[in-house]
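1. okay, predicted coordinates and the sequence, questions at the end:
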Amino acid sequence: MDSKHNEQVTKVLLQILEKLAEIKLDWVLVGSTNLFVQGVNILAKDIDIVSTQKDILEIEEIFKSYSIKKVVYSESEKYRSWFGRLVIDNIQVDLMADIEYKAPNGVSKKFITIDKYEIPVNPLENELNFYKKLKRKNDVLKIRLIEDFEERKKS
């Protein structure tokens, strides 16, 4: 695992949290950074933020100077959503809203604390179920890491 990269991701996450702490928006952290901040030993590749269309557009506006892909409605074989992308200090930040998966899967959240910020995160159980449903080859390691992490917590 590249700890310098995870440090950079954490630094960018704290920048995002600082700006979002000033306003009340409904959002949740998902993906590899979510796994990392909850203690899974994984490389946090990027930052994935899920929200409503209204709030994700507001987040996009706040960080518009970092936008490399405007938030637009998009659809793939596995899901459809509003999607856009930022790059902050060389870290990719994906903005997603109103995600609809082929198999219904609502995003719930819990809160963890990093520095002085309360971060809404997708529970690890939901992340695990999501990766299993997508059946992508590149998620096999994430599935194993989450399962191993959960087993160690039980011991």
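-> On my side now, so go ahead. Keep in mind the model is a prediction, meaning the values are calculated, not measured. Numbers count the residues shown, from 1 in each chain.

2. ok, the residue lying closest to Asp89 once chain neighbours are set aside - contacts?
-> Computed as Cβ to Cβ, 6 or more residues apart in numbering, the closest residue to Asp89 that is not its neighbour in sequence is Val12, at 5.5 Å. (C-beta placed from N, C-alpha, C; glycine too.) Contacts here follow Cβ atoms under 8 Å, 6 or more residues apart in numbering; on that basis Val12 touches Ile47, Ile88, Asp89, Ile91, Val93.

3. and the two most separated of these?
-> Greatest spatial distance among the contacts of Val12 (Cβ to Cβ): Ile47 and Asp89, at 11.0 Å.

4. more neighbours: the two, which one.
-> Using other Cβ atoms under 10 Å as the criterion, Ile47 and Asp89 rank with Ile47 on top: 24 against 10.

5. where does the chain have low pLDDT?
-> Residues of the chain meeting the criterion pLDDT under 70: 1-2, 78, 101-107.

6. so how far is the longest helix along it from its chain's centroid?
-> Criterion DSSP state H: the longest helix present in the chain is helix 3-20. How far helix 3-20 lies from its chain's middle: 12 Å, per Cα atoms, centre = their mean, to the nearest Å.

7. going forward, begin numbering at 31 instead of 1
-> Fine by me, first position is 31 from now on; the one you just mentioned is helix 33-50.

8. I'd like the next helix or strand past it.
-> Downstream of helix 33-50, the first helix or strand assigned by DSSP states H and E is strand 57-60.

9. tell me how far that following strand lies from the chain's centre.
-> On Cα atoms, centre = their mean, the centre of strand 57-60 falls 5 Å from the chain's centre.

10. the helices in this protein, which residues?
-> Using DSSP H, the helices found in the chain span residues 33-50, 61-67, 83-92, 154-164, 170-184.

11. mean neighbour count, those helices: which tops it?
-> helix 61-67 (a mean of 23; mean count of other Cβ atoms under 10 Å).

12. put the alpha carbons of it into CSV.
-> The C-alpha trace of helix 61-67 is given here as CSV (Å, rounded to 0.1, in the frame of the first residue of the first chain):
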residue,chain,number,x,y,z
GLY,A,61,-15.6,3.6,-2.3
SER,A,62,-11.9,3.0,-1.5
THR,A,63,-11.5,6.1,0.6
ASN,A,64,-14.5,5.2,2.6
LEU,A,65,-12.9,1.8,3.3
PHE,A,66,-9.6,3.4,4.2
VAL,A,67,-11.0,5.9,6.7
